[in-house]
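Peer 1: Here's a sequence, model it:
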Amino acid sequence: MKIGILQTGHAPDEVKDELGDYARMFATLLEGHGFEFETFNVVDNEFPASVDAADGWLITGSKHGVYEPHDWIPPLEDFIRKVRDAGQPMVGVCFGHQIIAQALGGKVEKFEGGWAAGAQEYDFDGEQMVLNAWHQDQVVEAPEGAEVIASNDFCAYAGLVYGDTILTVQPHPEFTARMIEGLLQHRAPGVLPETMINDLKTRVDQRLNDRDFGDRMAAFFKGKSDE
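Peer 2: Purely as a prediction, here's the structure:
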């Protein structure tokens, strides 16, 4: 099965040599499931010729906001609706979660409650999962027909499903402890409160359910989300 990765941002240059860009992080997360991948840098206006260019689609995170006036955002929203109409499986993570919600009628905004960063615990339909997060923006109104499958006290719409073909999550299952360390060093200063940065540095090695969620993503792509 071929997964098209729609890359909506780039990892910090300081960690790219070691960890790769976002597409590589997802390929690592989904390793062993028999997928092949092709990356389209939509953030650089590189789009697939059609939705048939892959069997399923994955939209990455980004430092950009979905409500910002970038010229690549409207065509990405159009592409999302075409994938939905074609009934192909699609997964969105962080920015991907948000842009899918916005494209399908939901609302995203800069959350007045501040940032979620590092390991966070989420309730996935009664199952507790710990995944890394890195966001201030979040979905504040879910699109009509979307079902909430994950939440916590900070993020009410942390996971959504749309029928049996679209799965989106606010946290980053592809972010390892090393990636969080890199973000704390290169993107957090001046953005996150210093007290939060210092706290996060003490718990970057917290045990995560990243592999578990990677398995869930793989099953969803393969149409086994109910097994």
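Peer 1: quick one: Glu31 is in a helix?
Peer 2: No - applying DSSP: H, G, I helix; E, B strand; the rest coil, one finds Glu31 to be coil, outside a helix.
Peer 1: From Ala177, how far off is it?
Peer 2: 18 Å (Cβ to Cβ, to the nearest Å). (Each C-beta comes from the backbone N, C-alpha and C, glycine too.)
Peer 1: just Gln88 next, same as before
Peer 2: Counting by Cβ to Cβ, the gap from Gln88 to Ala177 is 33 Å.
Peer 1: next one: Arg24
Peer 2: 17 Å.
Peer 1: Which strand residues bridge the residue nearest in space to the middle of the chain?
Peer 2: Geometric centre of the chain, nearest residue: Val93, 1.2 Å, by Cα atoms, centre = their mean. With DSSP bridges as the criterion, Val93 is bridged to Val169.
Peer 1: related to what we said a few turns ago, for Glu31 and Ala177, indicate the residue with more neighbours.
Peer 2: More crowded of Glu31 and Ala177, by other Cβ atoms under 10 Å: Ala177, with 17 against 12.
Peer 1: mind listing what that one touches?
Peer 2: Applying Cβ atoms under 8 Å, 6 or more residues apart in numbering to Ala177 gives the contacts 132, 204-206, 208.
Peer 1: how about the lowest-mean-pLDDT helix or strand in the chain: buried residues?
Peer 2: Ranked by mean pLDDT, DSSP states H and E, the weakest helix or strand in the chain is helix 13-19, scoring a mean of 90. Within helix 13-19, the residues that count as buried by 16 or more other Cβ atoms under 10 Å are 15, 19.
Peer 1: Look up the closest residue to Asn45, ignoring the ones flanking it.
Peer 2: Nearest non-adjacent residue to Asn45, counting by Cβ to Cβ, 6 or more residues apart in numbering: Trp72, 5.2 Å away.
Peer 1: So which of the contacts of Ala177 sit within strands?
Peer 2: Asn132 (DSSP state E).
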